[in-house]
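# just to be clear, the model below is a prediction. Sequence and coordinates:
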Amino acid sequence: MLIDDSIIEGCVKGKRSAQSALYRKFAPVMMALCLRYAKDYDEAEDIMQEAFLKILQKIGTYRQEGSFEGWMKRIMINHALNYYRKNSKLPFHENISEINELEISDRDDSSSYHAPIAAEKLIALIQTLPPGYRMVFNLYVFEGFSHKEIADSLKVSENTSKTQLLKARRMLQKKLADLNIKNE
């Protein structure tokens, strides 16, 4: 999503009209991102509002390198992670014996078929994941983080990241299978 430089300049100068334009332009995309990390809509809205305040406070530090939207997403993601660190303990459970299974489950399993699912339903399913699973799943699948990057971000081991991803995938696969059974 392209942004007019005058909006960024206006935000740096503290102009409310520019801040409002920035919010209107990016709020839907950022809300979708926050919904993936939050347990419900209200929590996602809180995360997004607080992160937008940070963006407006730090907009003067944006160096015009890379995409502005990418810069904003990074702040949103970091804020979502900090929100969970501050407001709850992420329950990470490590089971070393399951880590080797990750490589097997990472491969495409063509024997398993799931009917197409609407984005809203998928987000709703992701929101039902336990917080630790949800964080790792989002960072790995949607943001493209490596297990090392996830481990560093969440202050857990790489093995914990791998295990959480494995368990998140299994839980989502089960939920999708249950959904398919109900829809038949």
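In hand now; what should we look at? Residues are numbered from 1 along each chain as shown.
# tell me which element Ala177 is part of?
Counting by DSSP states H and E, the element that carries Ala177 is helix 158-183.
# just how off-centre is that helix within its chain?
16 Å (CA atoms, centre = their mean, to the nearest Å).
# what of stretch 70-85?
8 Å.
# so for that stretch, mean pLDDT?
Across stretch 70-85, the average pLDDT comes to 90.
# can you give me the buried ones in that stretch?
The neighbour-count criterion (16 or more other CB atoms under 10 Å) identifies Trp71, Met72, Lys73, Ile75, Met76, Ile77, His79, Ala80, Leu81, Tyr83, Tyr84 as the buried residues of stretch 70-85. For every residue, glycine as well, the C-beta is placed using N, CA and C.
# in JSON lines, list these along with secondary structure and distance to Ala18.
Output for the buried residues of stretch 70-85, formatted as JSON lines (DSSP: H, G, I helix; E, B strand; the rest coil; distance: CB to CB, whole Å):
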{"residue": "Trp71", "secondary structure": "helix", "distance to Ala18": "16"}
{"residue": "Met72", "secondary structure": "helix", "distance to Ala18": "14"}
{"residue": "Lys73", "secondary structure": "helix", "distance to Ala18": "20"}
{"residue": "Ile75", "secondary structure": "helix", "distance to Ala18": "17"}
{"residue": "Met76", "secondary structure": "helix", "distance to Ala18": "19"}
{"residue": "Ile77", "secondary structure": "helix", "distance to Ala18": "24"}
{"residue": "His79", "secondary structure": "helix", "distance to Ala18": "21"}
{"residue": "Ala80", "secondary structure": "helix", "distance to Ala18": "25"}
{"residue": "Leu81", "secondary structure": "helix", "distance to Ala18": "28"}
{"residue": "Tyr83", "secondary structure": "helix", "distance to Ala18": "26"}
{"residue": "Tyr84", "secondary structure": "helix", "distance to Ala18": "31"}
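# thinking again about what came up before, tell me what the helix holding Ala177 is packed against?
Secondary-structure packing of helix 158-183 (3 or more CB pairs under 8 Å, 6 or more residues apart in numbering; DSSP states H and E): helix 96-106, helix 119-127, helix 131-137, helix 147-154.
# for the third one, packing partners?
In other words, helix 131-137. For helix 131-137, the elements it packs on are helix 16-37, helix 68-87, helix 119-127, helix 147-154, helix 158-183, judged by 3+ CB pairs under 8 Å, 6+ apart.
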